[in-house]
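K.L.:
sequence and predicted structure are below.
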Amino acid sequence: DGGITQSPKYLFRKEGQNVTLSCEQNLNHDAMYWYRQDPGQGLRLIYYSQIVNDFQKGDIAEGYSVSREKKESFPLTVTSAQKNPTAFYLCASSIGRGETQYFGPGTRLLVL
Amino acid sequence: AQSVTQPDIHITVSEGASLELRCNYSYGATPYLFWYVQSPGQGLQLLLKYFSGDTLVQGIKGFEAEFKRSQSSFNLRKPSVHWSDAAEYFCAVVYSSASKIIFGSGTRLSIRP
């Protein structure tokens, strides 16, 4: 089955700790995205990548970092600089930017 | 500024009743338009999309949407809702190819038994 997987489903972060959220796709899509979702605020774009080894900041990139070393993978690191990381994080991919996006099941990040 | 508006934050309808969720976009040439559905704690699932052609688009789960250029709208409809339709619904717009997708803030749908 083709699709997007995200792991873990739940993640707990301690103060001052960096954590990494995984996103993998086997749809052969070039573009991948990370969104943050808070209650009542819809989706906000954190980072996106249109091709391997290239990525751009979205609307709320501060406190986050990404890498795109492989076409299939687009991990997101939530750094200690992100002071309010508690949220639901969604990864998506598309054939190209502006095309239909397909979403993973999400990771909920909680702070201990 | 480019934007998409879903004016209804929360809607409650009775099971078996018809449904219409509103979506308006801000301006411009014909955009690409999408409706997604999200169940609690899940990712977004694509219901339907409009790129060009017939302005009435059929989607999955019995949903349809109509693009009305004169009203800058892309409202989602279903003739008879089921309890399993309770979820959050997001309208989204891409204003030109290779540009970013803009999501509305969502409409939460509750179903009255």
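P.N.:
Received, thanks. Since this is a predicted model, take the numbers as computed values, not measurements.

K.L.:
for the rest of this, base every contact and every neighbour count on C-alpha atoms.
P.N.:
OK.

K.L.:
need the contact list for the closest residue to residue A:93 other than its chain neighbours.
P.N.:
Leaving aside its chain neighbours, residue A:93 sits nearest to residue A:32 (4.2 Å; criterion: CA to CA, 6 or more residues apart in numbering or on different chains). Listed by CA atoms under 8 Å, 6 or more residues apart in numbering or on different chains, the contact set of residue A:32 reads A:48, A:49, A:50, A:74, A:91, A:92, A:93, A:94.

K.L.:
so which of those are in strands?
P.N.:
The strands, defined by DSSP state E, take in A:48, A:49, A:50, A:91, A:92, A:93, A:94 from those.

K.L.:
farthest-apart pair in those residues, please.
P.N.:
Farthest-apart pair in the ones in strands among the contacts of residue A:32 is A:50 and A:91; separation 13.7 Å (CA to CA).

K.L.:
near chain B at all, stretch A:14-26?
P.N.:
No: applying CA under 8 Å from any CA of the partner chain, one finds stretch A:14-26 separated from chain B by no less than 12.6 Å.

K.L.:
compute the first-to-last residue distance for that stretch.
P.N.:
End-to-end span of stretch A:14-26 (CA to CA, to the nearest Å): 32 Å.

K.L.:
get me the contact residues on chain B for chain A.
P.N.:
So chain B meets chain A at B:41-46, B:94, B:96-101, B:103-106 (CA under 8 Å from any CA).

K.L.:
which of these are buried, as a PyMOL select command?
P.N.:
A single PyMOL command is used to select the members of these judged buried by 16 or more other CA atoms under 10 Å in any protein chain shown:
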select buried, chain B and resi 42+43+44+45+46+94+96+100+101+103+104+105+106
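
K.L.:
what about the strands in chain A?
P.N.:
Taking DSSP E, the strands of chain A run over residues A:4-7, A:10-13, A:19-25, A:31-37, A:43-51, A:54-57, A:64-66, A:76-78, A:87-94, A:102-103, A:107-111.

K.L.:
so for the second one, what gets flagged as buried?
P.N.:
Across strand A:10-13, burial judged by 16+ other CA under 10 Å covers A:11, A:13.
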